[in-house]
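Enquirer: Turn this into a model:
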Amino acid sequence: MDKDCLFCKIIAGEIPSAKVYEDDAVFAFKDISPIAPVHYLFVPKTHICCAKKITAENSQYVAKIFEAIAKVSEQENIDSYRVINNCGEDAGQSVMHLHFHLVAGKKMGWGEQSLG
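Expert: Here you go, the predicted model:
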């Protein structure tokens, strides 16, 4: 955990969130500025700053995140959705903790709004 990281603080319960899923490796919560009727963030419980820091030693967290996305989408009957990851500030990453956006509930075209 990174003591200065917003998402690490959310995972630790220091900052409130609307949790939608949690297991030993993954924490998921509602985005506070949703761009669609369904907009969840899925984060690893270990601090990885971004996609470029995924390694053979920590890549299991990405697999666990996608397993969690599949579980949540099944439980909530979400048949169609988009999963987005931004890597770095120029790509729109606003919190430097690896995270994936699950966005659903509306018809989307290519090039939708920027997501942090």
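
Enquirer: So for stretch 89-101, what gets flagged as buried?
Expert: For stretch 89-101, the neighbour count (16 or more other Cβ atoms under 10 Å) marks 93, 95-101 as buried. Backbone N, C-alpha and C define where each C-beta goes, glycine included.

Enquirer: which one of the residues you listed is nearest Ile78?
Expert: His101 (13.2 Å; Cβ to Cβ).

Enquirer: is it true that that closest one lies in a helix?
Expert: No. The assignment for His101 (DSSP: H, G, I helix; E, B strand; the rest coil) gives strand, which keeps it out of a helix.

Enquirer: For it, which non-adjacent residue is closest in space?
Expert: Ile84 (4.4 Å; Cβ to Cβ, 6 or more residues apart in numbering).

Enquirer: Equivalent analysis for Met108, please.
Expert: In space, and not counting its chain neighbours, Met108 is closest to Arg82: 6.0 Å by Cβ to Cβ, 6+ apart.

Enquirer: Please look at that neighbour and Val103 and confirm they touch.
Expert: Yes. Counting by Cβ atoms under 8 Å, Arg82 sits close enough to Val103 to count as a contact (4.8 Å).
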